[in-house]
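Peer 1: need coordinates for the following:
(2 chains)
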Amino acid sequence: NAGVTQTPKFQVLKTGQSMTLQCAQDMNHEYMSWYRQDPGMGLRLIHYSVGAGITDQGEVPNGYNVSRSTTEDFPLRLLSAAPSQTSVYFCASRSGTSGGPSYEQYFGPGTRLTVT
Amino acid sequence: AQSVAQPEDQVNVAEGNPLTVKCTYSVSGNPYLFWYVQYPNRGLQFLLKYITGDNLVKGSYGFEAEFNKSQTSFHLKKPSALVSDSALYFCAVRVRPASGTYKYIFGTGTRLKVLA
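Peer 2: Numbering: from 1, shown residues only, chains lettered A, B, ... in the order given. Next up is the predicted model:
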């Protein structure tokens, strides 16, 4: 099992550019989430999904879009990058009701994004 | 508002001494509580959780945590610290918002430094 994978590891964008952060998991987990980590603020939830075709907003969704066309993949799109989106982004997954919920989340290695 | 707090930004402890990293929470209903560890340039790794049952929960790498309902706390402990325990530790709680599915709220993190 590769677990949760994220690409790219690092990215530098100019203000106004768009890009997609990729996230994939091979554990057949129903739930997937995107967080951003900023110093002194812990992790904040951006968007999440409870299954293919179902997404919802988290605590800080503005400026980001998501989609979930398959169980495995959950990409995060930055529509028009701003310096305030400079952060480290983590994708996480966990099992849902099928197979018994485990509640704990499994995290990817992160994408460090800088917007200039 | 539902929340989780880690009152210490940093905890320093000598190798071989016991360590405690503090966490308090405020949630409605029965809390589901978690501890995660983050090593430099890595994603978060699950350490342990409290769902129900015994108030003392044992987890990975010799860590344990004590759930105290009256003090609304879930402190992380280890009897004898190792230099390799130096990392960033996050407490998290599962919450049920007014609408939508369960979400996880993370504390701001506590940096543990174990001194040789």
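Peer 1: which SS class is B:W35?
Peer 2: strand (DSSP: H, G, I helix; E, B strand; the rest coil).
Peer 1: any idea how far it lies from B:Y61?
Peer 2: Look at B:W35 and B:Y61: by Cβ to Cβ, to the nearest Å, they are 11 Å apart. From N, CA and C alone the C-beta is placed, and that goes for glycine too.
Peer 1: for B:P79, grab phi and psi.
Peer 2: Backbone torsions for B:P79, taken as degrees, to the nearest 10, come to phi -60, psi -30.
Peer 1: joint contacts of B:W35 and B:Y61?
Peer 2: B:L47 (Cβ atoms under 8 Å, 6 or more residues apart in numbering or on different chains).
Peer 1: of these two, who's got more company?
Peer 2: B:W35 (28 against 12; other Cβ atoms under 10 Å in any protein chain shown).
Peer 1: who's in contact with the more buried one?
Peer 2: Here B:W35 is in contact with B:23, B:47-49, B:59, B:63, B:65, B:74, B:76, B:89-92 (Cβ under 8 Å, 6+ apart).
Peer 1: how about the strands in chain B?
Peer 2: B:3-5, B:10-14, B:19-21, B:24-26, B:32-38, B:44-50, B:56-58, B:64-68, B:73-78, B:87-95, B:103-106, B:110-115 (DSSP state E).
Peer 1: my guess is B:P18 contacts B:A81. True?
Peer 2: Yes: B:P18 is in contact with B:A81 according to Cβ atoms under 8 Å; the separation is 7.1 Å.
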